[in-house]
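Undergrad: Test case, fold it:
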Amino acid sequence: MAAANPFKVKDLIAKYGWQIMPYLSNLGVNVLAEAAVLFVDSEATNALDADDGEHGHSFERPLATLNYAISLCTASQGDVILLGPGHAETIEDTGTASGTTTDEVTVDKAGIHIIGIGVGSRIPTFTLEGATDAAIVVLAGATDVHIKNIKIVSNLADVAAGMTLSATSDGAVIEDCIFRDGAAAKELVIGLSIAADCDNITVRNCHFSTVASGGCGAAIRLAGGCDNSVFEGNVAYGTYSTSAFDADVAASLNLILKNNVFCNEGAAACELQASTTGVMSENYIGGTTS
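TA: Residues are numbered from 1 along each chain as shown. So this is what the prediction gives:
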């Protein structure tokens, strides 16, 4: 990106007036003075991935893909990416990019906000197909990433994970997101996969579901200790071979599980490593094993 960043908030205020600030605040975003705001909408006639001084500045001329918008962000400036209602991308991890078919979404900038706008069928949707490792991946070192109100759907058998938080991608906030199977034999093996030493994260008000008798392992899986992390208000219901909330590989310190619904028709609903410390409060837990 050019040194003079055309997406900066001060330019948005000049274009849209101060009303842009409460609009973003209503989406749960605290915009910093040095933040940029980028608009993405694959449905728009004028959508184009181009850093040309026109696209990405509004929903009239938005960018076409999330990956391109991320590439225009600056780390640790609080940049905001708004995904328009009905925005849709197919994530194939094929090594090529064409239109709205891209490689896996790679979040490699710290401190950015990715916010979906829309409800129901209009929630921005990412369909995983073409390769079983297609996913939305927050890379190591991309700390304090905020992802809100997107839907991730598998369209291939044995897709490994819908979203992955890598080690040291600390401080991530994932909220109001939907993770689900596309159909029978199109399993999302793990909805949200969290690497060991990914600490201080919050997963809030997300919904996970599977088709009946699917080949799914877990809705949320902690691959190791994730200290000082909070899981609150999530719902996971389906058939999981391991458990809906799978965190028994290694101990986490100060883990908070509050107001979740974990219901598994396949095995255990919630598994924690014996040395885990923290608080479990007001959860509904049901499974075929204890």
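
Undergrad: Run a quick neighbour tally on Glu282.
TA: 10 (other CB atoms under 10 Å). Any C-beta I mention is one placed from the backbone N, CA and C, and that applies to glycine too.

Undergrad: Name the nearest residue to it, ignoring sequence neighbours.
TA: Asn259 (5.0 Å; CB to CB, 6 or more residues apart in numbering).

Undergrad: so how many other residues sit close to the one you found?
TA: 15.

Undergrad: Look up how far Asp199 lies from the closest residue to Gly238 other than its chain neighbours.
TA: Nearest non-adjacent residue to Gly238, counting by CB to CB, 6+ apart: Thr210, 3.0 Å away. Relative to Asp199, Thr210 is positioned 28 Å away (CB to CB, to the nearest Å).

Undergrad: what residues are up against Gly191?
TA: Ile152, Ala161, Gly162, Met163, Phe179, Phe208, Ala218, Ala219, Ile220, Ala236 (CB atoms under 8 Å, 6 or more residues apart in numbering).

Undergrad: nope, Ile190 is what I meant
TA: Ala160, Ala161, Gly162, Cys216, Gly217, Ala218, Ala219, Ile220, Arg221.

Undergrad: The nearest residue to the last one once chain neighbours are set aside: helix or strand, and which one exactly?
TA: Just to be clear, that refers to Arg221. Of all residues not flanking Arg221 in the chain, Asp246 sits nearest, at 4.4 Å (CB to CB, 6+ apart). Asp246 is part of strand 243-247 when elements are defined by DSSP states H and E.

Undergrad: The lengthiest strand in the chain pairs with which strands, and in what direction?
TA: Assignment by DSSP state E gives strand 261-272 as the longest strand of the chain. Its sheet considered, strand 261-272 pairs with strand 235-238 (parallel), strand 243-247 (parallel), strand 284-289 (parallel) by DSSP bridges.

Undergrad: Many thanks, we can stop here.
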